[in-house]
Every structure is written in C-alpha cells, then in structure tokens.
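> the amino acid sequence is not available; the structure is as follows:
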C-alpha cells in the first residue's frame, strides 16, 4: 500500500482486527490510517466469516451485532456489504439479517464450486424467505483469480446483459491469505492504459455497489429466492460432532444466560454480567468460522475450538446458575422437604418431565414430589449417599418463568398409575405403543394411539446404517452421491444386548447395544406419560475410517413431494425426490432442530439436539450422526465421547399446525432446576415474567 497509492484492499472479520489491535499497535495504527484514506476497505460486517448453514438465527444476528459494533467503535463506520467468498452455502434467512444489520449488498464466489448445476447468475437480486432483498454479486472466478485480458473481458459479459458497464474480479496470488503481487498490480495499470481494453481499476467492493446508479439497480432483472445451496462440501454438516454439539449448547446457554440475567437484574437481585456474557459469545462466534463449525479444520484447530467451545459453555452456565439462584430468592418455597424451583426458558407454557438431583438430610430410600401440596408423578432413577436423581412430571410450567415443587424423602414412592408400562420388548404410554425387535433391536412398530395411526411403513425404524464414505476429494468437506445413495454396508442387524434401563410411572426406557467393526453404540428408547414424542438418546464409541453413520425411519406418509427443515430463524421445504439434477444434487442437506415429512393430514417430525445433516428420499428420512474423514484431521470423531438425542414426533396436520417448532425447542431447551431452602417470596410458587 505504501508503495502503491492506488492499491486498495478489502478485509472482513472484526475478530481479526481485534487481534491486530491487541497484538501490534504499530500495525493497528497503520491500518486505521489506510482505512481513513480509503485504501483499506471494511467489508462483511460480521465478527468472523461464519458458516451460514449451521449457525443459529440468533448466532447470525450476533455475528453482525458484534461485527458492526466493533467497526463503528473503532472506525466510525459500518459495513454495507455482506462478504463471505468461501462459505459453504447460504441460508435463505441471510438477506433479512444483512438488511437489518445495515448491509444492502452481498458478495460470494463459492457458488462457482457447484458440482452438478452451474449457479445461473453473477449480478442478481437475492430475496430472503421473508422477502428482504439484497443486491448480490458472484464473480465468475474465485477469490484468488489471476488478472489477465481474457478474465477482464468476460467479467463484463453478465453485467452488460443488464446494461451495467461495471464488472468485479477478486484477485490474488493464492488461498490461505495470499494477497496480490506487485506484478499483478503492474498488469492492472498496464491494462487500464491500453486503449483496446475496458478501464481497469483497483477498487473497493463498497464503491462498486455505491457507484451503481438507480438505473443500474433497476436493470438487474435476475432474481434468486431463498436458500443458495452449495452443491459441494455436504460432509461439513456432520464432521467433528463435538464442535457441533458445543455450538448448539453454547448458543442455547448464551440465550438462557441473557434471559435469566435480564430477569434477575430487573428484579434487583443481581447485576447483569455483560462482560462474561459478551466474552463467551465471542468464543461461540469465533467457532462459527467456516472451517471450524463445518469440521474441516486441522487437528490443532479442532483442539483449540473444542476448548473454546467448552470454555464458553462453562462461563455461560456459571452466569446462568448465578441468575437462577438469585431469582429463586423471590419464589415462595415454603413446604415440606427440599424445594426445587423449576425454570422454563421458553416463551410458552409447557408440560415436561424434569430430571434433577436432590440432596436430602439423610440417605433417601424413597421420594415423593409435590406441586403446591398436590403429589405429582415422580420416579427415583438412582441414589448416591444422601442424593437422589429423580424425574417428575410437571404441568403448566409458566412461560419464561418458574414453578416451585417440593421433594420429600423416605415417605414412600409415587403410588399412582400413569399408564406407562415396559416389558417383553414393548414400551407403552397413554399416547404410543413402541415395539422393539428382540433380534435386531430396531423399532418394528410405533402406534400413535391418539390418531389411531401406524407411524412406520415398509420396514423398521431407528435403523443404524453404516455407509461407505470415500469422497473423491476434500475428505472432511465432502460426501459423494454414490456413497450416500447406494445400499448401506451394514444395517447393524443384531444386538449385543437388550435390557430395561428405566422403569416407572414417569420414564420407561429400553437400552439396546450394538456394534460394528471397532465401534459400539447404545440406544436408549424412552417414553413419558402425556408427552407426544419418543426420545432416543444414543452414546457411541466411534472408531471407523471413511464411514458414515446414519439412522433411518420409513414414515407412513405417502405422496409428499417435499420435506421441511428448520434453518436459521426459519423453515425451508426441499424436494424428497431425485427426479431432476437440481433435486439429485440435494442428496444431503443441512437443518437445525428438526425436519418434517407431512401429507394428507398427517406427518412425522424427526427432532435432534445437536445434529445438522439430514436426507429424505420419498418417505424415508435419515439423520446423519457421525462420519470419519481422515484429512485434515486423521482422528475426526474418534472416541467414546459422543452422547446425543433425537426424537420422533408424530402429529396430525403439517409442521405448522402441529407446532413442530415448539417441539424442537422443548427437546433442546429442557427445564432448568435450582434446589434451595424454604422461604417466603414475593412472586409466589408460580410466576411468568413474559
């Protein structure tokens, strides 16, 4: 820059700037000078260039909040251009988030990497799923293009089609930070002075868009609506399961810490801990980076990201627990035994099984639980000294509020009946009958009593499938069509044991053990009374190479032409057919807390608490659980630390009328508990704050 006063540079990611500010004062001051004189241009408006498939809606909002706040504080400027050249697909909700964050324009080159269908546009209007619109540019070449006469000439082809006389090239000498060379800068000058060439300038991305006239903008007739799916790098929805789980837990913990800290501050019982919350959010946002959250980082990267993710969760949980204990002082906890304050972090009332540990004055031989003096169904799961792990069913837990229950020990266990039974490889509640094969451990039948409907058809459900996973290139990034669509290598057709794991009037669970190669799995199939979902918790010791683990369910839903998936602050229908190249290319897709297949007044949702990859073909829906690429981290997902839950939710109507959104939140946001002492409180035994 000092040698070339006409050279301009565009850089995103507020986090990188903050590192420079902390580490090198001289360099930081030089950057600020270059920003001031217009050579250095701020783009992106986000904390980092994040993955846009798996970061939550609130996570993407915070990317812009923290990014734009930093740029405004340090440079008195906010970015006007969303800028993510290398990100692996683009949520249909992004245009709304960009617009509300002050960015009317968008740039990427990654859509050039489509394997099957060429992305049809270069300069176009991108409509989000809510109708928000940003003017977008996808240069014909990638972010490290060489500068030559041929590139310059054909770069103008698409803009000229819209009567726009300006085109854009992102140039440089390579990937991983390679910038331009002096020879490239010299070439640009020589082309600019060549009378047979178009004018060629080193320019800022910001100025490219600001120089578009109203007529230019009106002339842009190409429009893309909704998700911009990248037909590549689909393995990133599954690689590095621990990073993905930490992401889900971290995003949720940040939300809960903020909610309850706000309430505690409003009640005057605790000072809002902005510093620790912000610092934890920054670690969560850093892990959104598009080779961290996708699981395509090196072993060192994975180690650091895992530590950062866990540190964020620990810090946020500390803030949350402090807030809960403070709010509990306002509850009326008088009554027998140990009072437990049950908190609901969601904005709607709910009936939920609540599991917690309670410490009594002596060893508990039995436990009963009371809601305002009325005994409610409860069950002792285990004891350890004076402590007991118990589960109890609480109804009418207030929205964004609490309810007080009292746990009393050594007066007998719950003696009523909820209709929950288990035995002979069958679990039955008032709502479902679930039958399990004694040979395979698969679910052979789910009967929906409320709707008199068989949930499965044409085969077993909860089938673990091992697939070959040998992508032709980009090991951690990719899964290939042939591997993902051919018959599985194994469907784990035998068990190493089936046993009753939990038995009572609140929770009934079968444990099924399975193995494959060097790996072992335990599935815990659970029913609760009055709860219209079937939870399947799974632990895994995964030690395979170039394999993928999926779980499959053939839903009794016929005639559906699409499945619906939750995305960042939204939902998206995608075809469940393979009848066109467009639909075949979407053989593996990303989702957040749920996917749903519905038609003819009935449907089934498959929920999860930390997974992001799905595929649905006709009526069979599969959730991607684990995979084992060998590069760039040869030990990806190897080990016994995997513990996750997915859940089956049958329903009438479609996902909207069935409130699948609520069910996804209920699974991911279990009620929180705080055991305290007996005292009076101004907010009673039950209170809703919002």
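Perfect, I can see it now. No experiment lies behind these values; they were computed from the predicted model shown.

> rest of the way, CA atoms for contacts and neighbours
Will do.

> what helix or strand is residue 312 on?
Following DSSP states H and E, the helix or strand that holds residue 312 is helix 299-328.

> quick one: contacts of the helix or strand following that helix?
Remark: after helix 299-328, the chain's next helix or strand is strand 338-344, criterion DSSP H and E. Among residues not part of strand 338-344, those counted as contacts by CA atoms under 8 Å, 6 or more residues apart in numbering are 328, 331, 333, 358, 360, 397-408, 670-678.

> re earlier: show the average pLDDT along the helix holding residue 312.
Confidence over helix 299-328, taken as the mean pLDDT, stands at 98.

> buried residues in it, which are they?
302, 305-306, 308-313, 315-317, 319-328 (16 or more other CA atoms under 10 Å).

> one more: stretch 452-471?
Of the residues in stretch 452-471, those buried by neighbour count under the rule 16+ other CA under 10 Å are 453-457, 460-471.

> rewinding a little: which among the contacts of strand 338-344 count as buried?
Members of the contacts of strand 338-344 that pass the buried threshold by neighbour count (16+ other CA under 10 Å) are listed as 328, 331, 333, 358, 360, 397-408, 670-676, 678.

> any idea how far the worst-scoring helix or strand of the chain on mean pLDDT is from the chain center?
Ranked by mean pLDDT, DSSP states H and E, the weakest helix or strand in the chain is helix 149-155, scoring a mean of 87. Taking the mean C-alpha point of helix 149-155 and that of its whole chain, the gap between them comes to 40 Å (CA atoms, centre = their mean, to the nearest Å).

> returning to what we had before: which helices and strands sit right next to the helix holding residue 312?
Using 3 or more CA pairs under 8 Å, 6 or more residues apart in numbering; DSSP states H and E as the contact definition, the elements that helix 299-328 packs against are helix 241-267, helix 274-286, strand 672-675.

> out of these, which is closest to residue 501?
Distances from residue 501 to each of these were compared using CA to CA; the minimum, 23.8 Å, belongs to strand 672-675.

> distance between the helix or strand following that closest one and the chain's centre?
From strand 672-675 onward toward the C-terminus, using DSSP H and E, the following helix or strand is strand 686-688. Centre-to-centre, strand 686-688 and its host chain are 30 Å apart (CA atoms, centre = their mean).

> and this structure, what are its domains?
What the record gives for the chain is the domain set 9-232, 237-328, 338-416+672-688, 422-668, from automatic domain parsing.

> reformat those as a markdown table; add distance to residue 1.
What follows is those, written out as a markdown table (distance: least, CA to CA, whole Å):
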| stretch | distance to residue 1 |
| --- | --- |
| domain 9-232 | 7 |
| domain 237-328 | 28 |
| domain 338-416+672-688 | 51 |
| domain 422-668 | 34 |
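
> just the buried residues of the longest strand seen in the chain, please?
For the chain, the strand that runs over the most residues, judged by DSSP state E, is strand 639-652. Neighbour-count burial for strand 639-652, with 16+ other CA under 10 Å as criterion, is recorded at 642-652.

> list of residues touching the least confident helix or strand of the chain?
Under the criterion CA under 8 Å, 6+ apart, residues 139-140, 167-169, 191, 197-198, 200 lie in contact with helix 149-155.

> make JSON lines out of the residues you listed and add secondary structure and neighbour count.
Listed next are those as JSON lines, based on DSSP: H, G, I helix; E, B strand; the rest coil; neighbours: other CA atoms under 10 Å:
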{"residue": "139", "secondary structure": "coil", "neighbour count": "24"}
{"residue": "140", "secondary structure": "coil", "neighbour count": "23"}
{"residue": "167", "secondary structure": "coil", "neighbour count": "21"}
{"residue": "168", "secondary structure": "coil", "neighbour count": "23"}
{"residue": "169", "secondary structure": "coil", "neighbour count": "23"}
{"residue": "191", "secondary structure": "helix", "neighbour count": "19"}
{"residue": "197", "secondary structure": "coil", "neighbour count": "13"}
{"residue": "198", "secondary structure": "coil", "neighbour count": "16"}
{"residue": "200", "secondary structure": "coil", "neighbour count": "18"}
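
> residue 664: which of those residues is nearest?
Closest approach between the contacts of helix 149-155 and residue 664, by CA to CA: residue 139, at 38.0 Å.

> state the distance from that closest one to residue 618.
Plainly put, residue 139 is 36 Å away from residue 618 if you go by CA to CA, to the nearest Å.

> for residue 116, same thing?
Here the distance between residue 116 and residue 618 works out to 21 Å (CA to CA).

> more crowded one of those two?
Set side by side, residue 116 and residue 618 show unequal neighbour counts under other CA atoms under 10 Å, the larger going to residue 618 at 20 against 14.

> would you confirm that the more buried one contacts residue 560?
Yes - at 7.3 Å, residue 618 counts as touching residue 560 under the criterion of CA atoms under 8 Å.

> shared neighbours of these two, anything?
Taking CA under 8 Å, 6+ apart as the contact rule, the neighbours common to residue 618 and residue 560 are residue 576.

> got the contact list for the longest strand of the chain?
Residues outside strand 639-652 that contact it (CA under 8 Å, 6+ apart): 241-242, 448, 451, 455, 532-543, 601-610, 658, 660, 663, 667.

> residues near the closest residue to residue 521 other than its chain neighbours, how many?
Computed as CA to CA, 6 or more residues apart in numbering, the closest residue to residue 521 that is not its neighbour in sequence is residue 540, at 4.5 Å. The number of residues packed around residue 540, counting by other CA under 10 Å, is 22.

> from memory residue 529 sits against residue 419, does it?
Yes - under the criterion of CA under 8 Å, residue 529 makes contact with residue 419 at 7.1 Å.

> residue ranges with poor pLDDT in the chain?
Low-confidence regions of the chain, defined here as pLDDT under 70, cover residues 174-178.

> contacting residues around residue 416?
Counting by CA under 8 Å, 6+ apart, residue 416 makes contact with 377, 505.

> that one and residue 661, how far apart?
Applying CA to CA, the value for residue 416 to residue 661 is 32 Å.

> just residue 206 next, same as before
Per CA to CA, residue 206 is found 38 Å from residue 661.

> now residue 29
48 Å.

> so residue 69: helix, strand or coil?
The assignment at residue 69 comes out as helix when based on DSSP: H, G, I helix; E, B strand; the rest coil.

> now it. Nearest residue, chain neighbours left out?
In space, not counting the residues next to it along the chain, residue 69 is nearest to residue 78; the distance is 7.8 Å by CA to CA, 6+ apart.
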